[in-house]
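Asks: model the following, please.
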Amino acid sequence: MWNALKAKAVEVADRRIEGILDTNRAADFAVQAGDMRLDYAKTNIDAATRDMLIGMLETTGVAAKRDAMFAGAAINETEGRAVLHTALRNLDGGPVMVDGADVMPEVLGTLQRMGAFAEDVRSGKFKGQGGKITDVVNIGIGGSDLGPAMAALALAPYHDGPRCHFVSNVDPADIAQVLRSCDPATTLVIVASKTFTTIETMTNARTAQAWMGEKVSDVGAQFAALSTSAEKTAAMGIAPERVFGFEDWVGGRYSMWGPIGLSLMIAIGEAGFLAFLRGAQAMDVHFQAAEWHENMPALLALVGIWHNQGCGHPTRAVLPYDNNLSRLPAYLQQLEMESNGKGVSMDGADLPVHSGPVVWGEPGTNGQHAFYQLIHQGTRVVPCEFLVAARGHEDALHHQHQLLVANCLAQSEALMKGRDLDEARSKVADKFEGAELERQAKHRVFKGNRPSVTIAYPQLTPFVLGQIVALYEHRVFVEGVVLGLNSYDQWGVELGKELATALQPVVEGAKSAADKDGSTAALVAFLQKHGV
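Replies: A predicted model of the protein is given here:
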């Protein structure tokens, strides 16, 4: 399977994308899900390649694995768990069974409790000890931070509740800068940790407790918890009605659809949050029902497989031409690289091909004045994924949004077309001649033939954001199944945590560094000398 894919990539490597892009291709190599459009015509995938890629879905049993996931089967085999973030947005669906029990009553009950609490905070029914809540500080890390922080920024035009802040880094600068702008007496702190043992999160939570205790008498009364540990949340003084739990079949990086999204719900309201869920639910329905050649998540995954495992391009740039999506690349780094950053297949054997790509990016047009130089003229091909809305939220500045859209479309066109030596020569022929003309012209050549896809949508609403995130979640799922790995564990993050725990007393000077390697011991000594 993989050898055939690589052979196909070699076969078409020198073919110009522009040469196969006609009107029919523009229609045939695009797909819609609701009002969202995925255009993958600016890639070197032709009909035969697409058929080969779709055949890989069938060979690896993606449909059966997809149905098993939605049905609550334990597809996270290394941890023996179901994978049911989709249940958190199953607002109109039927029962979802896990170990013989329907999980939907509890899911919907928790969602109702969240909605009631969010509206109490927003309306002022729930108050701080200094009056109505003005600020919400979400303390988490990884999936307990990246998702809601990304979504809260993305939906900033819909904020009509308290200001939302996010703290994740154990670096004291992070929490100090956030708390400096808040009043303890009117701040709600949300601690997001399933087990209430995450060291970075709990360290920041204790700092927030001490800060709030300087001004209020009942610190626990202004804390809420997103956790399953009733004992530990009670020990922090958090009343049960302000504790919202979720099951182990919801992975951290897939969790903002439930209690981890509480800060977002408080910011945009229960109705806005439900619209966000419905957008994701619509993509779930599409993913389950659409034939492969019309299935947006499957096709986006196949484009990724073609570029990475087929063509050998090791990175993927995510380039939202929507400033409110500026945290989307960072969110997708975790979603994709933690999910599919594996080297072992489900049966324990080494993967026969490279796994997921390095995902990175920034919003346009900022990136154009930073790293696009490498994308256009560098020695490595970087497949690009553009996201763009037809309309922004600043009606009085619509002319600027039109300029933004023009820049987005121009970049994908420029990546594909490039500029040959004759055209480059003509650009500077009035300034240079002879050998200097040739030298100068070569610096202005763009090889082109660089692939990209574009995801377009009417406007970045809560519903559309739900569609986008669910699209990428299912893309990760499809790529993982085709690669034969488990997208839902993350053992690679464990070793560093263990070593950090062991190193803390060494750094503090309570334990010798004698058993550490020479480099680590020397670094500890240097940092201790300078005040650590």
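
Asks: so which bits of the biggest helix by length in the chain are buried?
Replies: Taking DSSP state H as the criterion, the chain has its longest helix at helix 262-289. Using 16 or more other CB atoms under 10 Å as the test for burial, helix 262-289 gives 262-270, 272-284, 286-287. C-beta here means a position set from N, CA and C on the backbone, and glycine is covered the same way.

Asks: what of stretch 449-468?
Replies: Taking 16+ other CB under 10 Å as the basis for neighbour counts, the residues of stretch 449-468 that come out buried are 449-457, 460-468.

Asks: between the two ends of it, what distance do you get?
Replies: Taking CA to CA, to the nearest Å, the first and last residues of stretch 449-468 lie 27 Å apart.

Asks: stretch 205-225 too?
Replies: Terminal residues of stretch 205-225 lie 10 Å apart, using CA to CA.

Asks: quick check: mean pLDDT of the helix or strand harbouring residue 467?
Replies: Taking DSSP states H and E as the criterion, residue 467 maps to helix 462-483. Predicted confidence along helix 462-483 averages 98 (mean pLDDT).

Asks: go on, stretch 314-331?
Replies: 98.

Asks: chain center to stretch 210-228, what's the gap?
Replies: Relative to the mean C-alpha coordinate of its chain, stretch 210-228 is positioned 30 Å out (CA atoms, centre = their mean, to the nearest Å).

Asks: er, stretch 288-298 I mean
Replies: Put simply, stretch 288-298 sits 21 Å off its chain's centre (CA atoms, centre = their mean).

Asks: ok, now stretch 159-173?
Replies: In terms of CA atoms, centre = their mean, the centre of stretch 159-173 is set 18 Å apart from its chain centre.

Asks: sorry, back to before: following element in sequence after the helix holding residue 467, please.
Replies: The C-terminal neighbour of helix 462-483 among helices and strands, as given by DSSP H and E, is helix 494-508.

Asks: for that next one, list every residue counted as buried.
Replies: If you call a residue buried by 16+ other CB under 10 Å, then helix 494-508 has these buried ones: residue 506.

Asks: that one - contacts with which helices or strands?
Replies: The helices and strands touching helix 494-508, judged by 3 or more CB pairs under 8 Å, 6 or more residues apart in numbering; DSSP states H and E, are helix 199-213, helix 518-529.

Asks: give the other helices and strands that the first one contacts.
Replies: With contacts defined as 3+ CB pairs under 8 Å, 6+ apart, the secondary structure elements packing on helix 199-213 are strand 135-139, helix 172-179, strand 187-192, helix 494-508.

Asks: ok, then the element right after it?
Replies: Scanning forward in sequence from helix 199-213 by DSSP H and E, the next helix or strand is strand 223-226.

Asks: so what are the sheet partners of that following strand and their directions?
Replies: Partner strands for strand 223-226, per DSSP bridges, with pairing direction: strand 187-192 (parallel), strand 243-244 (parallel).

Asks: now the element after the helix or strand harbouring residue 66, going C-ward?
Replies: Assignment of secondary structure by DSSP H and E places residue 66 within helix 62-71. As assigned by DSSP H and E, the chain's next helix or strand after helix 62-71 is strand 97-98.

Asks: now do that following strand: everything it contacts.
Replies: Residues external to strand 97-98 that are found in contact with it (CB atoms under 8 Å, 6 or more residues apart in numbering): 71, 72, 82, 84, 103, 247, 249.

Asks: got it, and stretch 71-82?
Replies: Applying CB under 8 Å, 6+ apart, the set of residues contacting stretch 71-82 from outside is 65, 68-69, 83-84, 87, 96-98, 103, 248-249, 251, 346, 486, 488-489, 491.

Asks: check stretch 47-61 too.
Replies: Contacts for stretch 47-61 (CB under 8 Å, 6+ apart): 1, 4-5, 8, 12, 28-29, 45, 63, 292-293, 298, 302, 305-306, 478, 481-482, 484.

Asks: buried set for it?
Replies: Burial within stretch 47-61, assessed by neighbour count using 16+ other CB under 10 Å, is assigned to 49, 50, 52, 53, 54, 56, 57, 60.

Asks: widest-spaced pair of the residues you listed?
Replies: Every pair in the buried residues of stretch 47-61 was compared (CB to CB); the two farthest apart turn out to be 49 and 60, at 16.9 Å.

Asks: tell me which helix or strand the closest residue to residue 445 other than its chain neighbours sits in.
Replies: In this structure, residue 445 finds its nearest non-sequential neighbour in residue 424, 4.9 Å apart by CB to CB, 6 or more residues apart in numbering. With the criterion set as DSSP H and E, the secondary-structure element containing residue 424 is helix 421-428.

Asks: what do you get for residue 439?
Replies: Using DSSP H and E, the secondary-structure element containing residue 439 is helix 434-442.

Asks: what's the next secondary structure element after that helix?
Replies: The first helix or strand that comes after helix 434-442 along the chain, using DSSP H and E, is strand 452-457.

Asks: buried residues, the helix holding residue 66. List them.
Replies: Taking 16+ other CB under 10 Å as the basis for neighbour counts, the residues of helix 62-71 that come out buried are 62, 65, 66, 69, 70.

Asks: got TSV for those residues, with pLDDT and distance to residue 167 too?
Replies: Below are the buried residues of helix 62-71 laid out as TSV (pLDDT from 0 to 100; distance: CB to CB, whole Å):
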residue	pLDDT	distance to residue 167
62	98	38
65	98	37
66	98	36
69	98	32
70	97	34
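
Asks: can you redo those as TSV with distance to residue 524?
Replies: As requested, the buried residues of helix 62-71 are arranged in TSV below (distance: CB to CB, whole Å):
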residue	distance to residue 524
62	48
65	46
66	49
69	45
70	49
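
Asks: for those residues, which one is nearest residue 198?
Replies: Distance to residue 198 across these (CB to CB) is lowest for residue 69, with 26.0 Å.

Asks: format the CA atom coordinates belonging to stretch 473-484 as CSV.
Replies: Taking Å, rounded to 0.1, in the frame of the first residue of the first chain, the C-alpha atoms of stretch 473-484 are listed here in CSV:
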residue,chain,number,x,y,z
GLU,A,473,-10.7,15.9,14.9
HIS,A,474,-12.1,13.5,12.3
ARG,A,475,-9.2,14.2,10.0
VAL,A,476,-6.9,13.1,12.8
PHE,A,477,-9.0,9.9,13.3
VAL,A,478,-8.9,8.9,9.7
GLU,A,479,-5.1,9.5,9.4
GLY,A,480,-4.5,7.5,12.5
VAL,A,481,-6.6,4.5,11.3
VAL,A,482,-4.9,4.5,7.9
LEU,A,483,-1.5,4.6,9.7
GLY,A,484,-2.5,1.8,12.0
